[in-house]
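In: Turn this into a structure:
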Amino acid sequence: MFQSYVIHIIMCILVVLIFHNIYHYIKDTCTTKKTKDMYGYQQQKYSEILNQIETLAKTQNVNSNIENNGEEYKYVADDLLNYIKTNS
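Out: Numbers count the residues shown, from 1 in each chain. A predicted model of the protein is given here:
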């Protein structure tokens, strides 16, 4: 009686192991592996961000050079003085 249980348990474990190995074999041989290029992807994103920052800095620098003749600073100073007077 005890031997039949042991044999039955061993057979069940063997069946599970066989199906497990068959599953992994089929999964490995019949599917394509997906790999991500983490380093290259991060470098590309970093380069895009740097390009955006550089173009934004160039356009802001050009715009500030065109518009800045010292008048902006005068307006900012006047606004600050008016703010101080109204809140005092």
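In: Tell me how far the most centrally placed residue in the chain lies from Leu14.
Out: In the chain, the C-alpha closest to the average C-alpha coordinate belongs to Gln42, at a distance of 8.0 Å (C-alpha atoms, centre = their mean). Counting by C-beta to C-beta, to the nearest Å, the gap between Gln42 and Leu14 amounts to 47 Å. The C-beta positions use only the backbone N, C-alpha and C, and glycine is treated the same way.
In: Then Lys45?
Out: Taking C-beta to C-beta, one finds Lys45 at 50 Å from Leu14.
In: before we move on, what about Ile22?
Out: 12 Å.
In: How about Tyr5?
Out: 15 Å.
In: Over to Thr32?
Out: To Leu14, Thr32 is 31 Å away according to C-beta to C-beta.
In: any idea how this structure splits into domains?
Out: Under the assignment automatic domain parsing, the domains of the chain span 1-34, 36-88.
In: Would you single out the least confident of these?
Out: Mean pLDDT is lowest for domain 36-88 among the domains of the chain, at a mean of 75.
In: Thr32 and Leu14: who's more crowded?
Out: Counted by other C-beta atoms under 10 Å, Thr32 and Leu14 do not tie: Leu14 has more neighbours, with 10 against 5.
In: Noted, bye for now.
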